[in-house]
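In: Show me how the following folds:
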Amino acid sequence: MTGFAALLAAAEEIEGGFAFDITEDWLQGRTAYGGLTSALSLAAAQRLDPELPPLRSGQFAMIAPLAGRVEARARIVRKGRNATWVAAELSNGKGVGFSASFVFMRQIESAADIAGYPMPEAIAPIADARPVPTEVAPEFLRRNFDVRFALPKSALGEADLCWWVRLKAREGLDPALEAVLVGDALPTAVLPLLNFGVPISSMHWHVNMLAPAPTTEDGWWLLRSTSEFARDGGVSEQILQWDAAGRPVMAGMQSVAVFG
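Out: Residues are numbered from 1 along each chain as shown. Below you'll find the predicted structure:
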């Protein structure tokens, strides 16, 4: 067992949650990769009740750097007939470094049925997609993901990234955990405009799950990150995720600080 599943398997049970070690292979600079901390907070929430309905929405706040020994705790805020709200926190010796809020909701009949978020046109088939160079990429990306360019440059906007992404070790993962773990893998879309040469920090990430138990062929997911506004050190970006067959699985928005 390797990767994220191994980290969870090695976690130590503590009062109200579990403790684990974030090793250097999951770091993005001096802190853990945001998809990792988001997935860990989700794992803490899922441990509260094995009968939770599917994840419907998650809000993640990256408050302070987290690395080394970290503790995860979660609590049920409200359990209704259809939905359950859960709050989770990750902390270390300096205090809380990450917080999350989740809504788990069963599927119900509804007259609203809109098939939005189509896969972008001109997507390169996975077998033909060119690998993304990762020699100088953050540790978490080089060590844990396979990444390939999904769209030609001519099909991209000004601040626009679109990659095929796959976890190298994904066996045994809950579908929602895998989708969240993968979903934050792209750099912020404005970073190529800055020659990847300035520090950045995710602040808030909100995701809406579009499938109750997303799966994909051979582990490949399509991610697209676009930024329509960046000013005064702040970036607002949209992140969409599809499975390999083109079905949308997650829609999100992220707030990113750019220090330069």
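
In: which other helices and strands contact the helix or strand encompassing residue 89?
Out: Residue 89 belongs to strand 83-92 when elements are defined using DSSP states H and E. The contact analysis (3 or more Cβ pairs under 8 Å, 6 or more residues apart in numbering; DSSP states H and E) places strand 83-92 against helix 34-46, strand 68-79, strand 95-105. For the C-beta atoms, the positions are set from N, CA and C on the backbone; glycine is no exception.

In: for those, which one ends up most surrounded?
Out: Mean neighbours per residue, mean count of other Cβ atoms under 10 Å, is largest over the helices and strands packed on strand 83-92 for helix 34-46, with a mean of 26.

In: Taking their axis directions, that helix and strand 68-79 sit at what angle?
Out: With axes from the mean of the first three to the mean of the last three Cα atoms, to 10 degrees applied, the angle from helix 34-46 to strand 68-79 works out at 50 degrees.

In: hmm, back to that, let me see the mean pLDDT of the strand holding residue 89.
Out: Strand 83-92 shows a mean pLDDT of 98.

In: What pairs with that strand, parallel or antiparallel?
Out: When pairs are called by DSSP bridges, strand 83-92 turns out to pair with strand 68-79 (antiparallel), strand 95-105 (antiparallel).

In: Nearest to residue 50, out of these?
Out: Proximity to residue 50 (Cβ to Cβ) singles out strand 95-105 among the strands paired with strand 83-92, at 11.8 Å.

In: After the closest one, which helix or strand is next?
Out: Immediately after strand 95-105, counting by DSSP H and E, sits helix 139-144.

In: so where's this structure uncertain?
Out: Residue ranges of the chain with pLDDT under 70: 1-2.

In: In it, which residue sits furthest out from the middle?
Out: residue 111 (30.0 Å; Cα atoms, centre = their mean).

In: Look up phi and psi at that one.
Out: phi -80, psi -20 (degrees, to the nearest 10).

In: And residue 64, by the same measure?
Out: Dihedral angles for residue 64 - degrees, to the nearest 10 - are phi -150, psi 160.

In: Against residue 86, how distant is it?
Out: 21 Å (Cβ to Cβ, to the nearest Å).

In: Who has more neighbours out of the two?
Out: residue 86 (25 against 13; other Cβ atoms under 10 Å).

In: Bridged to the more buried one, which residues?
Out: What pairs with residue 86, by the bridge criterion (DSSP bridges), is residue 76, residue 102.

In: quick one, what contacts it?
Out: 45, 48, 52, 74-77, 101-102, 104 (Cβ atoms under 8 Å, 6 or more residues apart in numbering).

In: Equivalent analysis for residue 31, please.
Out: Going by Cβ under 8 Å, 6+ apart, the list of residues near residue 31 reads 62, 64-67, 97, 201.

In: Filter the residues you listed down to the buried ones.
Out: 62, 65-67, 97, 201 (16 or more other Cβ atoms under 10 Å).

In: which one among the residues you listed gets closest to residue 116?
Out: Nearest to residue 116 among those, with distances taken as Cβ to Cβ, is residue 62, at 27.8 Å.

In: How many neighbouring residues does the nearest residue to that closest one once chain neighbours are set aside have?
Out: Leaving aside its chain neighbours, residue 62 sits nearest to residue 202 (4.9 Å; criterion: Cβ to Cβ, 6 or more residues apart in numbering). By the criterion of other Cβ under 10 Å, residue 202 has 23 neighbours.

In: looking at this, residue 202 is in a strand?
Out: Yes - under DSSP: H, G, I helix; E, B strand; the rest coil, residue 202 falls within a strand.

In: list the contacts for it?
Out: 34, 62, 184, 188, 254-257.

In: hang on, the earlier thing: would you mark the buried spots in the strand holding residue 89?
Out: 84-92.
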